[in-house]
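**Student:** Give me a 3D structure for the following:
(one chain, ligands or ions: 1)
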Amino acid sequence: MQNAQSLSTSVARIAHLSDVHMLAERPGPAEGVLDVSMRFVSFGRALDPRHRIRKLLLALRAARESGASHLVISGDLTELGTAAQFETLAEVLFDARVDPERVTLVPGNHDAYSRGDAWARALAGPLAPYRRSSAAADSSPVVVERDDAIFLPLDVACHQHFTRAAGELSAAAADALERTVRSVAGCGRPVVVVLHHSPFAHSTRAWQWLHGLRGHGRVLEMLARHPDLHVLHGHLHYDVEQAYGDGPARIFGAPATVDDEPGVPRVRLYDVEENGLRSVSDLPARRAA
Ligand SMILES: [Fe+2]
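**Tutor:** Take a look at the predicted model:
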């Protein structure tokens, strides 16, 4: 099995946050040319890196104090995927003393706006300590095996114009994921695919083209075939809890940390139980749009 990362650590509770949209505390010299795209993708939000750092620090503290033994951050880690933004993100994770073995990161569409290899460069650079338990930049499956749960982080981000927010699960990546799911499913532990986009299609074709995940049907097929398969995602910026077929909810979306009210972090929590994940968080109300 490729990229298998095993650690004998109990994961009785999982913390999940998403859509951090980190800005650079010290923007690089080339980032001025990205001003227009930055203002577009951050429309309606203050471009203040200190506010975003503060929100992430509070969310990380809430996750730690929840007793969770594994943390998932499901994409849009940065606003544009610049080197300086990833450096700031890494500094915040370090300052918050996040154990690299206990966090799983995946990129989102925002993390690929600046360049197609932004995630690869981040994993080779400031996020190197988190590489083993996070999504591979070539979309190959990574198996993060813990005593109570198995995480399969997946990169579905693709380089595209900043006015589009789609994701892509290619046929080859879906085939590889399916082979991996088949090899780990049915082992008595929940299998948790972590990706940025929801596996469900949007209600209109236009919105799906703009915001949806190409190849999403393959994830739904796997959910239908494997009752112990779960999905943790972000992208929608609000919390989601959905079943697929009979049985308990298995698809969970986390709200956007960047939209947290000052001083009110929203972190989803799941207890790992015999038949899967059970959401146990009582999230504060979402900010009005
Ligand atoms: Fe986002």
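**Student:** List the contacts of the residue in the stretch 51-200 of the chain that the ion sits nearest to.
**Tutor:** Proximity of the stretch 51-200 of the chain to the ion (CB to the ion) peaks at residue 76, 3.5 Å away. Every residue, glycine included, has its C-beta placed from N, CA and C. Shown in contact with residue 76 (CB atoms under 8 Å, 6 or more residues apart in numbering): 18-21, 108-111, 196, 234-235, 256, 258.
**Student:** Return the residues in contact with the nearest residue to it once chain neighbours are set aside.
**Tutor:** Excluding the flanking residues, the one nearest residue 76 by CB to CB, 6 or more residues apart in numbering is residue 108, at 3.6 Å. Applying CB under 8 Å, 6+ apart to residue 108 gives the contacts 19, 74-77, 157, 167, 196-197, 234-235.
**Student:** picking up where we left off before, just the contacts of residue 76 that are near the ion?
**Tutor:** The subset of the contacts of residue 76 within reach of the ion, by CB under 5 Å from the ion, is residue 19.
**Student:** of all the contacts of residue 76, which comes closest to residue 211?
**Tutor:** Of all the contacts of residue 76, residue 235 has the smallest distance to residue 211: 7.5 Å, by CB to CB.
**Student:** Is there a neighbour count for that closest one? I'd like the number.
**Tutor:** A count of nearby residues for residue 235, using other CB atoms under 10 Å, gives 26.
**Student:** and if you look at the one 10 residues further on?
**Tutor:** Burial of residue 245, expressed as a neighbour count using other CB under 10 Å, amounts to 9.
**Student:** ok, it - contacts?
**Tutor:** Applying CB under 8 Å, 6+ apart, the residues near residue 245 are 223-224, 227.
**Student:** May I see these organised as CSV, with secondary structure and neighbour count added?
**Tutor:** Below are these laid out as CSV (DSSP: H, G, I helix; E, B strand; the rest coil; neighbours: other CB atoms under 10 Å):
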residue, secondary structure, neighbour count
223, helix, 20
224, helix, 11
227, coil, 17
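**Student:** In contact with the residue lying closest to residue 48 once chain neighbours are set aside, which residues?
**Tutor:** Counting by CB to CB, 6+ apart, residue 23 is the residue found nearest to residue 48 once chain neighbours are left out, at 7.4 Å. Applying CB under 8 Å, 6+ apart, one finds that residue 23 lies in contact with 47-49, 52, 78-79, 85, 88.
**Student:** Tell me how many other residues crowd residue 102.
**Tutor:** Residue 102, neighbours per other CB under 10 Å, totals 20.
**Student:** Please enumerate the strands of the stretch 101-250 of the chain.
**Tutor:** Here the stretch 101-250 of the chain has its strands, by DSSP state E, counting those that start in this stretch, at 103-106, 143-145, 150-153, 167-168, 191-194, 213-214, 229-233, 240-242.
**Student:** partner residues bridging the residue positioned nearest the centre of the chain?
**Tutor:** The centre of the chain sits closest to residue 74, judged by CA atoms, centre = their mean, with a distance of 0.9 Å. Residue 74 has these beta-bridge partners by DSSP bridges: residue 106.
**Student:** Please name the residues that touch it.
**Tutor:** 16-19, 106, 108, 194-196, 232-235, 254.
**Student:** what about it, distance to residue 16?
**Tutor:** Residue 74 sits 7 Å away from residue 16, going by CB to CB, to the nearest Å.
**Student:** can you list residues touching both of those two?
**Tutor:** 232, 254.
**Student:** ranges for the helices of the stretch 101-250 of the chain?
**Tutor:** 118-124, 171-184, 205-211, 216-225 (DSSP state H, counting those that start in this stretch).
**Student:** Out of those, which one sits most buried?
**Tutor:** helix 118-124 (a mean of 21; mean count of other CB atoms under 10 Å).
**Student:** any idea which of the contacts of residue 23 is closest to residue 178?
**Tutor:** Set against residue 178, the nearest of the contacts of residue 23 by CB to CB is residue 78 (29.5 Å).
**Student:** so what pLDDT did the closest one get?
**Tutor:** Looking at residue 78, its pLDDT reads 97.
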